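**Student:** with the sequence up front, the predicted model follows.
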Amino acid sequence: MSDPEFQVTDELAGFIEALHDSEIDGEISWFFDRVWGVRIGDRLNGYKAEASFSSLPQAMGWLRDKALELYPDSAFAKDYRRAHPRLPAAAPGPCQPSVAGH
């Protein structure tokens with residue numbers, strides 16, 4: 001019997017690929033009690049921001065907003081703003097960290 005194939009949603013996969021392609025480093029972590037952690041940066045060069053949330057969509061919203069804020073000239077930010085022209089240049093995110101972030 002073979003393992004079932006893992007299906008990643010197109011939206012989440014595309015989002016992470018877009019960050020990666022723009023050379024924006026980050027991490028996503030989770031704990032059993034519904035805590036999702038996100039960081040922008042990396043262990044070797046340092047983290048620019050990090051926060052924790054009670055849901056994956058909140059965590060991904062924060063990651064998107066921080067990437068737009070910290071890397072406004074990246075291909076990710078330019079493509080995102082082109083696809084969402086109604087957003088201001090530095091759109092504040094709709095979600096707030098549930099655990100204090102940087």
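**Tutor:** Perfect, thanks for sending it.
**Student:** okay, the residue nearest in space to the middle of the chain: pLDDT?
**Tutor:** The residue lying closest to the centre of the chain (Cα atoms, centre = their mean) is Leu63, at 2.7 Å. pLDDT recorded at Leu63 is 96.
**Student:** and the helix or strand containing it, C-alpha only, in PDB?
**Tutor:** Here Leu63, judged by DSSP states H and E, is contained in helix 56-70. Provided in PDB are the C-alpha atoms of helix 56-70 (Å, rounded to 0.1, in the frame of the first residue of the first chain):
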ATOM      1  CA  LEU A  56      -2.700  29.400  10.700                       C
ATOM      2  CA  PRO A  57      -4.600  32.000   8.700                       C
ATOM      3  CA  GLN A  58      -3.800  34.700  11.200                       C
ATOM      4  CA  ALA A  59      -0.100  33.700  11.200                       C
ATOM      5  CA  MET A  60       0.000  33.800   7.400                       C
ATOM      6  CA  GLY A  61      -1.700  37.200   7.300                       C
ATOM      7  CA  TRP A  62       0.900  38.500   9.700                       C
ATOM      8  CA  LEU A  63       3.700  37.000   7.600                       C
ATOM      9  CA  ARG A  64       2.300  38.600   4.500                       C
ATOM     10  CA  ASP A  65       1.900  42.000   6.100                       C
ATOM     11  CA  LYS A  66       5.400  41.900   7.700                       C
ATOM     12  CA  ALA A  67       7.000  40.900   4.400                       C
ATOM     13  CA  LEU A  68       5.300  43.800   2.700                       C
ATOM     14  CA  GLU A  69       6.400  46.200   5.500                       C
ATOM     15  CA  LEU A  70      10.000  44.900   5.800                       C
END
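**Student:** brilliant, that's me finished.
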